[in-house]
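Participant: Predicted model, plus sequence, below.
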Amino acid sequence: MRSLAVLAAIAVPLLLTISAVANLHPAMFWIGPLAAIACALPIAVKATTARAQALVGAGLAAMAAASSPELPELLRITGDPDAMPVHDLREGPLPEQQDGYVAVRGYLRKEWVVDEYRVAEGARPDQNEAAKAALLPLLGTSALTIEADEQLGRVIVARVSPAQLPGASLVTLRGRLAPVGPEIVDSLFSVQLDEEGFASGVQLRPKAVMLDTFDMPTRGQALTRTGLAVGASLLSLVLLLLALPRASAKPPTPP
C-alpha cells in the first residue's frame with residue numbers, strides 16, 4: 001500500500017514530466033491522472049476509518065499528474081525567452097503538427113485588423129474606448145496579394161496588444177497557438193476563386209490558427225505552477241500514507 005501511495009503521488013507525476021512519456025499518446029492528459037487515481041483507490045478502499053482523507057489524497061495526486069507535463073516547457077521558455085527556437089514565416093508556413101508555445105517571425109499585416117473588446121455577451125462594444133486586443137494576419141510576406149496554392153499551409157492570426165500596431169511590421173511574436181473562429185478568418189482573409197470554386201487548390205477559407213501573445217506565462221507564473229504541483233504531490237503522499245490503517249500492537253506473549 002505504501003508503494004501504491006508513492007506511485008500515485010510521486011512516480012506518476014514525475015514520469016509525466018518526461019516528454020517521451022507525456023507525448024506517448026494524445027490522451028496522456030487523461031491517462032496520467034487516471035493512473036494516479038487507480039493507484040490511490042486501493043488505499044481508499046483499505047482506509048475504512050480515513051476514506052475521505054484518502055480520496056482527497058487521490059484527487060491531489062491526479063491534479064499533480066495533470067499539471068506535470070506542462071511544467072518542463074513552462075520553465076524552459078520562461079527561463080530564457082530568447083532560447084525558444086524562432087520559426088521564420090519567410091522561409092515557410094508553420095508546420096501542421098506544431099502546437100503549444102511558439103516563437104514566430106513574420107510581417108504584421110496592419111491593412112486588415114479586427115479589434116477585440118471586453119464586453120458582456122450580447123452587448124455592443126463601445127468603440128470610443130481602447131480595444132482589449134487586436135487580431136490581424138501574421139504572414140511571411142509584405143506583398144499585397146499572396147498566391148494561395150497547396151504550399152500556403154496554415155495562416156496565422158496574431159492576437160496582440162493594440163500598442164504593437166504602430167511599430168515595425170517585421171516582428172517576432174511569442175505566445176500559444178489556439179483555435180480561431182471562422183468569422184475572424186473570413187474578416188481577415190479574402191481568397192479569389194476560379195470557376196471551380198478553388199484558388200490553386202485552396203478553398204475559400206484557408207486553414208488558420210491563432211497566435212495568442214497574451215497567453216505567454218511569466219517566470220513567476222511558471223514557478224508558482226511548479227510549486228503548486230510539487231505541493232499537491234507531497235501533500236497527496238502524506239494524506240495517503242496517513243490514511244493507511246496502522247497495525248495494531250500485539251499483546252505480550254505470556255511467559
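Facilitator: Right, received. Where do you want to start?

Participant: State the distance from Val12 to Ser68.
Facilitator: According to CB to CB, to the nearest Å, Val12 stands 8 Å off from Ser68. C-beta coordinates here come from the backbone N, C-alpha and C atoms, glycine included.

Participant: between those two, what contacts are shared?
Facilitator: Overlap between the neighbourhoods of Val12 and Ser68 consists of Gly32, taking contacts as CB atoms under 8 Å, 6 or more residues apart in numbering.

Participant: Helices of the stretch 101-250 of the chain, start to end?
Facilitator: Assigned by DSSP state H, counting those that start in this stretch, the stretch 101-250 of the chain shows helices spanning 182-188, 219-243.

Participant: any idea how far His87 lies from Ala178?
Facilitator: Relative to Ala178, His87 is positioned 16 Å away (CB to CB).

Participant: Compare these two (neighbour count), which wins?
Facilitator: Neighbour count, other CB atoms under 10 Å: between His87 and Ala178, His87 has more, with 19 against 13.

Participant: Give the burial count for Val238, as a bare number.
Facilitator: Taking other CB under 10 Å as the neighbour definition, Val238 ends up with a count of 14.

Participant: let me redo that: Lys46
Facilitator: Lys46 is flanked by 15 other residues according to other CB under 10 Å.

Participant: so what's it up against?
Facilitator: Contact analysis of Lys46 by CB under 8 Å, 6+ apart lists Met1, Leu244, Pro245.

Participant: how about the strands in this protein?
Facilitator: Listed in chain order, the strands found in the chain under DSSP state E are 86-88, 101-108, 114-116, 133-139, 155-160, 170-178, 208-212.

Participant: Now render those strands as JSON lines, adding distance to Arg219 and mean pLDDT.
Facilitator: Conversion of those to JSON lines gives the following (distance: least, CB to CB, whole Å; pLDDT from 0 to 100):
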{"stretch": "strand 86-88", "distance to Arg219": "20", "mean pLDDT": "91"}
{"stretch": "strand 101-108", "distance to Arg219": "14", "mean pLDDT": "91"}
{"stretch": "strand 114-116", "distance to Arg219": "27", "mean pLDDT": "82"}
{"stretch": "strand 133-139", "distance to Arg219": "23", "mean pLDDT": "89"}
{"stretch": "strand 155-160", "distance to Arg219": "21", "mean pLDDT": "91"}
{"stretch": "strand 170-178", "distance to Arg219": "13", "mean pLDDT": "90"}
{"stretch": "strand 208-212", "distance to Arg219": "19", "mean pLDDT": "92"}
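
Participant: Could you say which of those is packed most deeply?
Facilitator: Most buried of the strands of the chain by mean neighbour count (mean count of other CB atoms under 10 Å) is strand 155-160; its value is a mean of 23.

Participant: Residues in contact with that one: which ones?
Facilitator: Contacting residues not belonging to strand 155-160 are listed as 89, 93-94, 104, 106, 108, 116, 133-139, 173, 175, 180, 184-185, 188-189, 206-214 [CB under 8 Å, 6+ apart].

Participant: Quick check: closest non-adjacent residue to Leu188.
Facilitator: Among residues not flanking Leu188 along the chain, Trp112 sits closest, at 4.9 Å (CB to CB, 6 or more residues apart in numbering).

Participant: Touching, that neighbour and Leu138? I think so.
Facilitator: No. Assessed by CB atoms under 8 Å, Trp112 is found out of contact with Leu138, at 11.3 Å.

Participant: give the contact list for Val12.
Facilitator: Counting by CB under 8 Å, 6+ apart, Val12 touches Gly32, Ala35, Ala36, Cys39, Ala61, Ala65.
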